[in-house]
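Enquirer: I need the structure of the sequence given here:
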Amino acid sequence: MVSVKLAGMNAPLKVLEELKILNAELRQKTSFSEQDLRLTADIDSVTVKELLQQLKLLIGKVGYDYQVKNAKLMQAYEKTSELIERFTPEPISAAYARISRDPSDVNELLDKALLDVAKAKKSNEAIIFGLGHHSVADHALFNFNITGISRLAIEDFEKRRIGVGYTEKSQRYIKMKGDYVKPKEFTPEDLKKFEALVAFQNDFYFRNNEKLFEFLQKKFSDKIFKMDDDERKDFISKLNGSAKEDARYSLCLATEGQLGCSYNGEALEHMIRNGKYSRLLETRDAVQQFFDQVVAYAPSLIQLADADVFRKHNPGLELKEDNFKYTEQTIRELVQKTFSKYAGSLHGSEYKFLSNRLCHVLISGEDNVKSILSEDHELNILAAVLHEYSSECIENCYEIAHDMRFGSDMRFGGDAYDFVKQALKHLSQFDKVPRAFEFTGGLMYEAIVSSSCFAQLKRHRMMTLLSQDYNPELGFTIPQNIEEAGMAKELEEVMKRSSDLYYEFLPKYGKPSEYCLTNAHKRRVLMSMNMRQLYHFSRTREDAHAQWEIRGLANTMADLASDEAPITGLLLGGQHEFNEVYQKIYNPVRDIK
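Expert: Coordinates of the predicted model:
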């Protein structure tokens, strides 16, 4: 079961400094025993919040016994109560929010906020909601430990890009134990079917992990024999890692992971608001835990995450939640209706035809990775919306976007105007338009990637990344090592049984049916980035140490970009080959005749 625990947050350093002073004073009191002093011995051994609470209890006990002789202990008791109240990021946010309008020194602003935390909270409420300056919450940072969460639900949380940080338990480096989430959506009967499937998937992983390792050692035995001890140890360790990363393609999307993540206040609030209406019950349960963990410390910074909290802080007003409740589902229904209406006009993945028909769009590349050239911003957005909320290829999405905009009578606007009008009807003045509206140009790609590849791709948060649902019709990825080791047919059987149960569950459960699918199953994605972002992606993912599947994706994307922009892309390539590429450009070796 998913568990979310608040592990830390930024609070004024002055609170910690005062705590250290109080700690030193308490050490001087002879009324404390050695056992009592151990509570205050090491600030790092517990969280500051826990230490403050321990001190409060301890001082309260001793102070009661000696309150006549030792009134200072009672003062210390009151001081810990004050520090506990001030241990929150809210004063920092309130102080920084005043910088733009108050001539006072920023240190003075923080001191004032610390003296009256209640007033600081009111200030945050007025600025964040009243003035719409949500960036005030950016100054608050919260750290969370997440355990018992599925691979599928992790994707929900890692959709947030700005003001966040994630470190995820890697299936590439850690041997899995077979733990998995049991979806609450499934009936008891269907859960038994699901458990039987997971046992079958895990059996492939556990049996073939070691076999793959043995196969790779035999495959490279001559190379290993020629190595010295240190080289041999490192190389065998890499082979062991390769075996794990390839065997994991059989593991399902319900496989448990764990995550250390950090959110600033604004990103956290937005994540909770989105997650409350996720298609996965697991995500909805987890975001409630996020909210419960934080609301006790910083309610003014996440007031838009809960209607009751909002009413409490804004009497007479009601929270507008329609965008989060209805927009995604509205767009899904609009897209489905649109494809049904225009299905007869589709011509499929014919690049030349599409290029001639839509003179501003050029799509090139191979089936799994395509480059999109288009300067028609509005057409790009329409195609991106159609693509994200369907299972169609990008060519079909551009064709329909074109027909929508002009209509059968070639009247500009056509169905597109009504489509966008309906898609955005639930927005309020504080809501953002869908992420597909970022898809306006630059280096644009469509790719078909496995879940294993997508898990790495989603970490590149500066690009625009739009993903469709997983789709078994796109096939699955079989690692080359599994092919060579003669395990492909066995993995194919895992894929077949996984897909079969997915299709059985899909009409009943929708999105949760994807728990049945594996790391090898695929989905379509759209990516948009600038050249600088592609350089970073290329350096990281074309590197020799990168996982083989995403390395192939990065290589193809860089090659397509070099065809379109050979001058500005002259140094594209992995980190391991940078010096070689650099030398060819800046110090070319000339033939001497």
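
Enquirer: C-alpha only now, for contacts and for neighbours.
Expert: Fine.

Enquirer: For the stretch 101-250 of the chain, give me the ranges with low pLDDT.
Expert: 101-102, 106, 109-110, 113-137, 172-175 (pLDDT under 70).

Enquirer: Do a quick rundown of the strands in it.
Expert: Ranges of strands in the stretch 101-250 of the chain, per DSSP state E, counting those that start in this stretch, are 141-150, 164-168.

Enquirer: From the centroid of this protein, which residue is nearest?
Expert: Central residue of the chain (CA atoms, centre = their mean): Glu158, 1.0 Å from the mean position.

Enquirer: which residues sit in contact with it?
Expert: Glu158 is in contact with Tyr166, Lys458, Arg459, counting by CA atoms under 8 Å, 6 or more residues apart in numbering.

Enquirer: Rebuild the residues you listed as CSV, extending it with neighbour count and distance to Val287.
Expert: Below are the contacts of Glu158 laid out as CSV (neighbours: other CA atoms under 10 Å; distance: CA to CA, whole Å):
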residue, neighbour count, distance to Val287
Tyr166, 15, 16
Lys458, 19, 20
Arg459, 15, 20
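
Enquirer: how does this structure divide up, domain by domain?
Expert: According to automatic domain parsing, the chain comprises the domains 10-87, 144-313+469-516, 322-427, 531-593.

Enquirer: Of all the ones you listed, which one is nearest Ser451?
Expert: Ranking these by proximity to Ser451 (CA to CA) places domain 144-313+469-516 first, at 8.1 Å.

Enquirer: for the closest one, how far is the first residue from the last?
Expert: End-to-end span of domain 144-313+469-516 (CA to CA, to the nearest Å): 28 Å.

Enquirer: Give the burial count for the nearest residue to Val2 once chain neighbours are set aside, as a bare number.
Expert: Of all residues not flanking Val2 in the chain, Gly148 sits nearest, at 4.3 Å (CA to CA, 6 or more residues apart in numbering). Neighbour count for Gly148, taken as other CA atoms under 10 Å: 17.

Enquirer: so how far is Leu6 from Gly148?
Expert: Remark: distance between Gly148 and Leu6 (CA to CA) = 15 Å.

Enquirer: thinking again about what came up before, in a markdown table: the strands of the stretch 101-250 of the chain, plus distance to Glu195.
Expert: Below are those laid out as a markdown table (distance: least, CA to CA, whole Å):
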| stretch | distance to Glu195 |
| --- | --- |
| strand 141-150 | 14 |
| strand 164-168 | 25 |
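
Enquirer: from those strands, which stretch is densest packed?
Expert: strand 141-150 (a mean of 20; mean count of other CA atoms under 10 Å).

Enquirer: Okay, now the sheet partners of it, with direction.
Expert: Applying DSSP bridges, strand 141-150 is found paired with strand 3-9 (antiparallel), strand 256-264 (antiparallel).

Enquirer: So which of those strands is the most surrounded?
Expert: strand 256-264 comes out most buried of these by mean count of other CA under 10 Å, with a mean of 21.

Enquirer: CA atoms only: put that one into PDB for me.
Expert: Listed next in PDB are the C-alpha coordinates belonging to strand 256-264 (Å, rounded to 0.1, in the frame of the first residue of the first chain):
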ATOM      1  CA  GLU A 256       6.300  -1.500  -6.300                       C
ATOM      2  CA  GLY A 257       8.900   1.300  -6.300                       C
ATOM      3  CA  GLN A 258       9.900   4.000  -4.000                       C
ATOM      4  CA  LEU A 259      10.500   7.600  -4.500                       C
ATOM      5  CA  GLY A 260      12.200  10.500  -2.800                       C
ATOM      6  CA  CYS A 261      10.600  13.700  -4.100                       C
ATOM      7  CA  SER A 262      10.600  17.400  -3.400                       C
ATOM      8  CA  TYR A 263       8.000  20.000  -4.300                       C
ATOM      9  CA  ASN A 264       7.800  23.700  -3.800                       C
END
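
Enquirer: Tell me the helix or strand right after it.
Expert: Going down the chain from strand 256-264, the next helix or strand is helix 265-275, by DSSP states H and E.

Enquirer: Indicate which one of the strands paired with strand 141-150 is closest to Ala296.
Expert: Closest approach to Ala296 among these (CA to CA): strand 3-9, 11.1 Å.

Enquirer: And the lengthiest helix in the chain, what's buried?
Expert: Secondary structure of the chain per DSSP state H: the longest helix is helix 188-219. For helix 188-219, the neighbour count (16 or more other CA atoms under 10 Å) marks 194, 197-198, 200-206, 208-209, 211-213, 215-217 as buried.

Enquirer: And stretch 571-586, by the same measure?
Expert: Leu571, Leu572, Gly573, Gly574, Gln575, Val581.

Enquirer: same question, stretch 311-323
Expert: Using 16+ other CA under 10 Å as the test for burial, stretch 311-323 gives His313, Asn314, Lys320, Glu321, Asn323.

Enquirer: Report the backbone C-alpha coordinates of it in CSV.
Expert: Only the C-alpha atoms of stretch 311-323 are listed here, as CSV (Å, rounded to 0.1, in the frame of the first residue of the first chain):
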residue,chain,number,x,y,z
ARG,A,311,-13.6,28.2,2.8
LYS,A,312,-11.9,28.5,6.2
HIS,A,313,-9.3,30.9,4.9
ASN,A,314,-11.6,32.7,2.4
PRO,A,315,-15.1,33.1,4.1
GLY,A,316,-17.9,33.5,1.6
LEU,A,317,-15.9,32.1,-1.3
GLU,A,318,-16.1,28.7,-3.0
LEU,A,319,-13.1,27.0,-4.6
LYS,A,320,-13.4,26.5,-8.4
GLU,A,321,-12.5,22.9,-9.1
ASP,A,322,-14.2,22.4,-12.5
ASN,A,323,-11.0,22.5,-14.5
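
Enquirer: Please report how far Glu318 lies from Ile331.
Expert: 25 Å.

Enquirer: residues in contact with Tyr205?
Expert: Residues near Tyr205 by CA under 8 Å, 6+ apart: Ala247, Arg248, Ser250, Leu251.

Enquirer: The residue nearest to Val2 is in contact with Lys5, isn't it?
Expert: No. With contacts counted by CA atoms under 8 Å, Gly148 stays clear of Lys5, the gap being 11.6 Å.

Enquirer: could you give the mean pLDDT of the helix or strand hosting Asp308?
Expert: Element membership for Asp308, per DSSP H and E: helix 307-313. What helix 307-313 shows for mean pLDDT is 84.

Enquirer: now stretch 499-512
Expert: Averaged over stretch 499-512, pLDDT sits at 98.

Enquirer: What are the buried residues along it?
Expert: Under 16+ other CA under 10 Å, the buried positions of stretch 499-512 are Ser499, Leu501, Tyr502, Phe505, Lys511, Pro512.

Enquirer: same check, this time on stretch 530-548
Expert: 531, 533-543, 546-548.

Enquirer: quick one: which of those residues is nearest Gly265?
Expert: Relative to Gly265, the closest of these is Gln533; by CA to CA it sits at 25.9 Å.

Enquirer: Tell me who's in contact with the nearest residue to Pro512 once chain neighbours are set aside.
Expert: Leaving aside its sequence neighbours, Pro512 sits nearest to Leu280 (CA to CA, 6+ apart; 6.1 Å). Leu280 makes contact with Ala153, Lys511, Pro512, according to CA under 8 Å, 6+ apart.

Enquirer: Please flag which of those sit within helices.
Expert: Ala153.

Enquirer: Out of the contacts of Leu280, which comes closest to Ser242?
Expert: Once CA to CA is applied, the member of the contacts of Leu280 that ends up nearest Ser242 is Ala153, at 25.4 Å.

Enquirer: From Gln336, how far off is the closest one?
Expert: 25 Å.

Enquirer: Just want to know which of those two has more residues nearby.
Expert: Neighbour totals were compared for Ala153 and Gln336, and Ala153 leads with 25 against 14 (other CA under 10 Å).
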